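1. Need coordinates for the following:
(one chain, ligands or ions: 2)
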Amino acid sequence: DNPDEAEGFEFLQTYDKRASQECYLSVLSNWAYATNLTEENKQNLLERSLVYAEFQKEAWKNATSFAWKQFKNPSTRRLFKFLSILGTAALPTEKLKELNEISASMEDTYSTSKICPYSLQVVITDESENLDDDKSSSEEENCTLSLEPDITRILKKSQNYDELAYVWKAWRDSSGKKIRKRYERFVELSNDAARLNGFADMGEMWRESYESDTFLEDLENLWKQLLPLYENLHAYVRRKLISKYGNDKIRPDGPIPAHLLGNMWAQDWAGVQEFTEPYPGKPSLDVTPQMVEQNMTALDMFNISEEFFSSLGLKEMPPPFWEHSVIEKPTDREIVCHASAWDFCNGKDYRIKQCTDITMQDLITVHHEMGHIEYYLQYADQPSLFREGANPGFHEAVGDVLALSVSTPKHLKAISLLNEIADDPEGDINYLYSIALDKISFLPFGYLMDLWRWGIFSGNTSVEEMNTKWWELRLKYQGVCPPVKRTEEDFDPGAKYHIPGNTPYIRYFVSFVIQFQFHKALCEAAGHEGPLYKCDIYQSKEAGKLLSQVLQLGSSKPWTEAMKIMTGGKTNKMDAAPIIEYFDPLIQWLKEQNKNYTLGWTSNDPTICP
Ligand SMILES: C[C@H](NC(=O)O)C(=O)O
Ligand SMILES: [Zn+2]
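-> Residues are numbered from 1 along each chain as shown. Ligands and ions are numbered 1, 2, ... in the order given. Okay, the predicted model is just below:
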């Protein structure tokens, strides 16, 4: 036996204990800042991040002194492989400080961005003649609309073309536009770090998490299979929007103005369900009114979600979760409202931070975030380096899989969130349509976000054309266009959390495909018979057992092995067949509806709607 290996194993034991302690302190300082965006908390975070980086550098130096590639034990080898990638801690201290400072400040700009109300805007433009400049001072006082919940609500509720265009532009002026310069420097420093880790650029370092040299072509193949679903949904929704907003605003063969789809990034079209659904007049599938009527609280929403997890025999949220989570937007301080789930690395402390609004959308998000916590709990006994998702897409899929069951009309009725359901073919089409507005509409956005970012990191997209490239991709994949002219003075990717937040995004595209593979596998384990979209795995201990078997692995095995276990040996790949099977009745219906109309879109200027 290689003596080095025994010593290497010893080293990992010591490392693991220290790593959990250092991780705890680092996450705690990150949490303190994210839940209270003060200068002091930012400084504490920046200091703690440097201490954590020193610890990681020390561990990396020791680890890479072992001949670990010759080790016999696959697990030990895998742990060393993970340890051998140092990350941004490889940067010289001054550069690491600059990178972390830019990161914290972009997060702050995005999370504290505010805009003025449209009404105030209209008033000011009307009364600008009298140049009553104290209006401008009062303008500052009333410009307090934040993304959550204010702007999110307006985008869902308003059907005023000009108000939506105002809000859409104002948000981008106050968030993305303000961080363009910082992001350009951020990209340089990120690539410096990637190269110090032996990668060509940061995009390549991110893709390492999928452990596959066919990852890019696999993604392109998935997109080719899913494009027909998206094109049919797009053509149908475009027709409905034309009848609502007029054919002077939207061309029958053109892109859809991005501000009319009920969401700031046009990534989830649930907001247009009401006036576009296939069979109007059926019982509504949006349980928001019932939630409000029942005076539901954020805590109630979290309890509903936890009850679903425990009904499968999965782990409940531990006491510190209920004690320390922040589940409502505080009124006395600024926080990062974008929802997230936190693992404090000590096997006890797990938290969610969410500015929960009492809506069906947020009930689904609660399940999404609690899915992350469940995954943390399931792999808590793994070594710290294996306390990750099998791949990042797995981590994003857990909560969404359960939400596919929760969203069924049958389940919503069972938990008294729906009084009546239309249990007939038309009701089924309406239901599938409501899920498609969330899942199918998302696919091109989930794909293009990192197509754009990988292009920036690799240098294929030059810094001078960042925004133009963004809108080229938004046209090509999403078939949307900006309602107001965009230039290189703007920085629209920066108006989406994950860009200033530096969270990779292809994980969501992967998740939206594999969550249907998981749903199909768990429904079979639960003994479901009938169409996939009618399956509700609620209270199935067999489904829970299969899911738990996969989640307990963490990243101790390549994700292809986890996929094989989940699908009972059927496949070890990402497979679009289950999502296509799930939506098949709707796609047939949409094809019928679209048969005399144009699919797809053209435009000769991606930077403004035609
Ligand atoms: C889909 C992705 N979800 C998340 O960040 O949790 C988003 O919100 O853009
Ligand atoms: Zn997530």
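2. Could you use CA atoms for every contact and neighbour count after this?
-> Fine.
3. any idea what sits nearest residue 405, other than its immediate chain neighbours?
-> Spatial nearest neighbour of residue 405, excluding adjacent residues (CA to CA, 6 or more residues apart in numbering): residue 536 at 4.3 Å.
4. List the residues that contact that neighbour.
-> 404, 405, 406, 408, 411, 523, 528 (CA atoms under 8 Å, 6 or more residues apart in numbering).
5. One more: residue 26?
-> Contacts of residue 26 (CA under 8 Å, 6+ apart): 45, 48, 49, 52.
6. what about the last one, distance to residue 392?
-> For residue 52, the distance to residue 392 under the criterion CA to CA, to the nearest Å works out to 22 Å.
7. Now the residue nearest to residue 405: phi and psi?
-> Main-chain dihedrals, residue 536, degrees, to the nearest 10: phi -130, psi 110.
8. swap in residue 342?
-> Per degrees, to the nearest 10, the backbone of residue 342 is at phi -120, psi 130.
9. Neighbours of it, how many?
-> 20 (other CA atoms under 10 Å).
10. list the contacts for it?
-> So residue 342 contacts 350, 351, 352, 373 (CA under 8 Å, 6+ apart).
11. So which of those residues sit within helices?
-> residue 373 (DSSP state H).
12. ok, of the contacts of residue 342, which one's closest to residue 546?
-> residue 373 (17.5 Å; CA to CA).
13. leaving aside the residues next to it on the chain, what's closest to that closest one?
-> In space, residue 373 is closest to residue 341, 6.3 Å off (CA to CA, 6+ apart).
14. quick one: that neighbour is in a strand?
-> Yes - assessed with DSSP: H, G, I helix; E, B strand; the rest coil, residue 341 lies in a strand.
15. Surely it and residue 352 touch.
-> Yes - with contacts counted by CA atoms under 8 Å, residue 341 reaches residue 352, the gap being 4.4 Å.
16. Can you pull the residues that touch both of those two?
-> Joint contacts of residue 341 and residue 352 (CA under 8 Å, 6+ apart) are 369, 370.
17. Next, the distance between the ends of stretch 564-582.
-> 20 Å.
18. Mind telling me what element the residue positioned nearest the centre of the chain is part of?
-> Centroid check for the chain by CA atoms, centre = their mean gives residue 508 as the closest residue, at 5.6 Å. Per DSSP states H and E: residue 508 is located in helix 506-525.
19. Who are the packing partners of that helix?
-> helix 392-406, helix 442-458, helix 541-551, helix 577-594 (3 or more CA pairs under 8 Å, 6 or more residues apart in numbering; DSSP states H and E).
20. 10 Å instead, please
-> With contacts taken as 3 or more CA pairs under 10 Å, 6 or more residues apart in numbering; DSSP states H and E, helix 506-525 sits against helix 202-207, helix 215-245, helix 392-406, helix 425-439, helix 442-458, helix 541-551, helix 559-566, helix 577-594.
21. Just want the angle from it to helix 541-551.
-> Between the axes of helix 506-525 and helix 541-551, defined by axes from the mean of the first three to the mean of the last three CA atoms, to 10 degrees, the angle is 140 degrees.
22. how close does the closest residue in space to residue 286 that isn't next to it in sequence get to residue 322?
-> Nearest residue to residue 286, sequence neighbours excluded (CA to CA, 6+ apart): residue 360, at 6.5 Å. Separation of residue 360 from residue 322 (CA to CA): 21 Å.
23. Comparing those two, which residue is more hemmed in?
-> Set side by side, residue 360 and residue 322 show more neighbours around residue 360, with 19 against 16, by other CA under 10 Å.
24. Enumerate every residue touching that one.
-> 285, 286, 287, 288, 289, 290, 291, 301, 366, 407, 417 (CA atoms under 10 Å, 6 or more residues apart in numbering).
25. try 8 Å this time
-> 286, 287, 288, 291.
26. Same question for residue 156.
-> 262, 263, 271, 272.
27. burial count for the closest residue to residue 146 other than its chain neighbours?
-> In space, and not counting its chain neighbours, residue 146 is closest to residue 114: 4.8 Å by CA to CA, 6+ apart. Residues lying near residue 114 (other CA under 10 Å) number 21.
28. separation between residue 114 and residue 171?
-> For residue 114, the distance to residue 171 - CA to CA - is 7 Å.
29. what's the answer for residue 301, then?
-> If you go by CA to CA, the gap between residue 301 and residue 171 works out to 29 Å.
30. same question, residue 164
-> From residue 164 to residue 171 the distance is 11 Å (CA to CA).
31. Now list whatever residues contact both of those two.
-> Between them, residue 164 and residue 171 share no contacting residue, judged by CA under 8 Å, 6+ apart.
32. is it true that residue 510 touches residue 393?
-> Yes - the criterion here is CA under 8 Å, and residue 510 meets it with residue 393 at 5.2 Å.
33. Show residues contacting stretch 489-502.
-> 103, 106-107, 110, 171-173, 175-177, 179-180, 183, 265, 338, 466-467, 470, 504-505.
34. Would you confirm that the residue nearest to the centre of the chain contacts residue 395?
-> No - using CA under 8 Å, residue 508 makes no contact with residue 395, being 9.3 Å away.
35. farthest-separated two in the contacts of residue 156?
-> 263 and 272 (9.2 Å).
36. phi, psi of the residue nearest to residue 146?
-> phi -130, psi 160.
37. Dump the contacts of residue 360 to JSON lines, plus neighbour count and pLDDT.
-> Converted to JSON lines, the contacts of residue 360 look like this (neighbours: other CA atoms under 10 Å; pLDDT from 0 to 100):
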{"residue": "286", "neighbour count": "20", "pLDDT": "93"}
{"residue": "287", "neighbour count": "21", "pLDDT": "96"}
{"residue": "288", "neighbour count": "20", "pLDDT": "97"}
{"residue": "291", "neighbour count": "20", "pLDDT": "98"}
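38. Out of those residues, which comes closest to residue 444?
-> residue 286 (24.2 Å).
39. pretty sure that closest one is in a strand, no?
-> No - going by three-state DSSP, the assignment for residue 286 is coil, not a strand.
40. For it, give its distance to residue 339.
-> Relative to residue 339, and taking CA to CA, residue 286 is found at 21 Å.
41. now residue 298
-> 13 Å.
42. More neighbours: which of the two?
-> The neighbour comparison of residue 298 against residue 339 (other CA under 10 Å) goes to residue 298, with 20 against 17.
43. what number of residues lie near residue 527?
-> Neighbour tally, residue 527, other CA under 10 Å: 13.
44. Over to residue 207?
-> Neighbour tally, residue 207, other CA under 10 Å: 17.
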